[in-house]
Structure formats: C-alpha cells, structure tokens
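**Student:** Model the structure of this input:
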Amino acid sequence: MKRDLFPMRRSHVLTAAVSALGILTLSACGAAETGKKDDVGGKKTVRLTVPSWVGAEANTAVAKHIMEKELGYQVKTQQMGEVLAWDALAKGDIDAILEDWGHPKQEKSYVENKKTVVKGGDLGVTGHIGWFVPKYWADKNPDVTDWKNLNKYAKDLQTGESGGKGQLLEGSPDYVTHDDAIISNLKLNLKTKYAGSEAAQITEIKKNAKAKKPFLTYWWTPQWLNAQVEMVEVKLPEYKEGCDADPKKVACAYPNTPLQKFFNADFAKDGGEAAEFLKNFKWTTEQQNEVAVMIAGEKLSPEAAAEKWVKENESTWKAWLPKK
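**Tutor:** So this is what the prediction gives:
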C-alpha cells in the first residue's frame with residue numbers, strides 16, 4: 001500500500017470508522033444494474049468499494065457526497081479486500097475502485113485480456129510503501145535506517161510472537177506486500193506479524209510509541225498517523241523496474257505508486273454523468289489527508305467530513321462535475 005504534505009499511507013481506513021459509513025450490502029440481483037432505477041428511492045444507483053484504510057475511505061466519502069447532492073445519484077458502498085474488489089468490479093457487482101495500489105495480475109487479466117475493466121485515470125495521489133522505524137529510536141541508532149544493519153538490531157525487535165527473531169509489524173494480509181520474500185532473500189533475522197487491519201496496526205504502533213519502544217513496521221505515505229507518530233524509512237536495496245516481477249525473488253524496495261482508478265467496462269461506457277464525474281475526480285495528497293484526518297483524528301463521520309470538505313473546497317470539486 002503510501003504518501004504526504006500534511007504528513008499523514010496505504011491509504012491506504014480505520015476499520016472501525018468504516019462502519020460509520022452506513023455501508024449497504026449489495027444484493028445479488030441488483031448489483032450490476034448501474035444507472036437503472038433503484039427499487040426504493042427511484043434514483044440511479046452507483047456502487048463503490050471502500051478499501052480498509054482511511055485515505056481510500058476519504059475518496060469514497062467525498063465522491064458519494066457530491067454524486068448524491070449535486071448529481072442526484074444514490075451511492076451504495078461496500079467494504080471489501082483489494083483482490084476481492086477487482087473480482088467484483090469485473091463482474092459488475094461494483095462500478096468503480098477509486099484507489100488502487102497496483103495489482104498487475106488482476107490488471108492483466110481483467111483490463112488487458114478479458115476487457116471487463118477499464119482504466120479510470122490517476123487519482124492524483126502518489127503512494128509509497130516501505131519499512132519504517134520510530135524517529136526516537138533512529139535518532140539514537142542512526143544506522144538502523146540501513147537494511148544491512150537490521151540483523152544487528154533484531155534482538156531489540158523481538159516479541160513474544162516473533163520466535164526469537166525481530167518482528168516486522170504488518171497490517172492486513174490483503175495489502176500489497178513482498179516482505180516475506182524480502183526478508184528471505186536479504187537473509188534478515190526477521191519475522192512478519194500481521195495485526196489484521198490498519199486499525200489494529202495503528203493501535204500497536206501507538207502503544208509502542210507511547211512506551212518509546214523500538215519497532216519496525218510495514219507502513220506507507222500518505223497516512224494521517226504520521227502527524228502523530230514520527231517515523232523514518234529504512235533504506236532497502238534500490239527499486240529498479242522489474243525487481244519485483246517474481247514475487248519469490250523480490251529483494252528491493254517498493255516503488256512510488258501513482259494511485260489509479262478503475263471502472264467496470266459497462267459502467268465506463270453507460271454510466272453517464274456518474275462515470276464522467278468519477279473520471280474527473282482527481283485531488284492532491286494534501287486534500288485527501290484533510291478529509292482523512294477529520295475522520296480518523298477528529299472522529300467525524302465520513303459523511304460529516306465529506307460535507308465539511310465540500311463546503312470549504314467548492315472551486316476544486318466544481319471542476320469534477322460533468323460539463324453541461
């Protein structure tokens with residue numbers, strides 16, 4: 001999974017916050033009826049996925065608010081894993097993914113071969129994944145930010161679950177990660193431990209930071225937590241094109257990733273103003289972070305955060321509306 005100006009990843013959503021979205025479950029019979037009348041409200045319906053990190057939740061919340069208030073659509077959202085979302089997109093169970101961190105296997109299958117999914121353009125945010133340590137630890141041990149020295153500090157990273165090795169804290173198993181391969185190929189005395197979700201990972205990071213304990217974590221920018229817990233990236237071997245082509249042989253850093261949108265092919269063709277609006281939807285890292293911080297930091301509901309941002313940024317989102 002991530003990026004920043006307001007130092008905020010993956011964006012990568014607090015899982016607990018996602019429930020506040022008022023998520024509506026997709027019905028099997030109505031999932032692919034994009035642009036048709038909804039049985040209850042008589043409005044055209046658009047279906048979006050909500051990934052499990054706050055930055056992506058911010059995208060969906062703002063897009064939902066504008067499409068409902070300005071374009072008259074009903075927007076239904078569903079939280080799902082990244083790979084599952086691609087499968088649902090290809091089948092027409094959802095209409096759009098607004099933040100993709102790179103899934104070449106799915107892209108080759110659904111975009112290039114089956115042509116059931118089409119590219120929706122840049123989101124405008126560049127994500128970066130990496131390994132990070134807290135700055136308070138790096139200040140005392142500057143060489144910890146070079147991967148070649150991690151074995152030296154493995155003992156400081158041991159936990160009851162790491163089996164005598166240093167722990168590399170992960171988020172959700174569904175995230176884009178090559179960490180087990182990197183550990184093996186660089187011969188590092190580390191072991192990955194999955195917290196299970198972004199929320200659980202954040203809880204553990206905060207706990208360690210409060211106690212000023214050393215930790216090593218898979219992390220990303222942009223991410224709102226970076227404003228609260230200052231972290232420093234560990235330099236892995238330089239990323240070069242193709243160094244991550246074979247998942248079992250990866251021994252390099254993660255690339256910078258311009259985050260992309262993808263649409264169901266039928267929706268892109270027949271989705272009318274909704275498809276045009278989502279294609280035009282493009283904002284900056286700073287703008288995404290503003291909404292993410294309201295959701296995760298200020299504890300506003302996604303709806304309230306989106307409404308506040310929309311009121312304060314009319315000149316930005318007006319340009320996303322379909323031309324009359």
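**Student:** so what's residue 265 up against?
**Tutor:** Residues in contact with residue 265 (CB atoms under 8 Å, 6 or more residues apart in numbering) are 115-118. To be clear about C-beta, it is placed using only N, CA and C from the backbone, and glycine gets the same treatment.
**Student:** Let me see the contact set for residue 75.
**Tutor:** Residue 75 neighbours (CB under 8 Å, 6+ apart): 45-48, 63-64, 67-68.
**Student:** quick check, it in a strand?
**Tutor:** Yes: according to DSSP: H, G, I helix; E, B strand; the rest coil, residue 75 belongs to a strand.
**Student:** what is the rounded mean pLDDT of stretch 277-284?
**Tutor:** Across stretch 277-284, pLDDT averages out at 97.
**Student:** what about residue 134, neighbour count?
**Tutor:** Neighbourhood size, residue 134 [other CB atoms under 10 Å]: 21.
**Student:** next one: residue 278
**Tutor:** For residue 278, using other CB under 10 Å, the count is 26.
**Student:** What's the first helix or strand after the helix or strand hosting it?
**Tutor:** Element membership for residue 278, per DSSP states H and E: helix 272-280. The element immediately downstream of helix 272-280 (helix or strand, assigned by DSSP H and E) is helix 285-296.
**Student:** That next one packs against which elements?
**Tutor:** Using 3 or more CB pairs under 8 Å, 6 or more residues apart in numbering; DSSP states H and E, the elements in contact with helix 285-296 are helix 54-70, strand 117-134, helix 302-312.
**Student:** where exactly do the strands run in the stretch 51-200 of the chain?
**Tutor:** Secondary structure of the stretch 51-200 of the chain by DSSP state E, counting those that start in this stretch: the strands cover 74-79, 96-100, 117-134, 166-170, 190-194.
**Student:** Can you say which of those strands is nearest to residue 278?
**Tutor:** Residue 278 lies closest to strand 96-100 among the strands of the stretch 51-200 of the chain, at 5.3 Å (CB to CB).
**Student:** and the closest one, what other elements does it pack with?
**Tutor:** strand 45-50, helix 54-70, helix 82-91, strand 117-134, strand 256-264.
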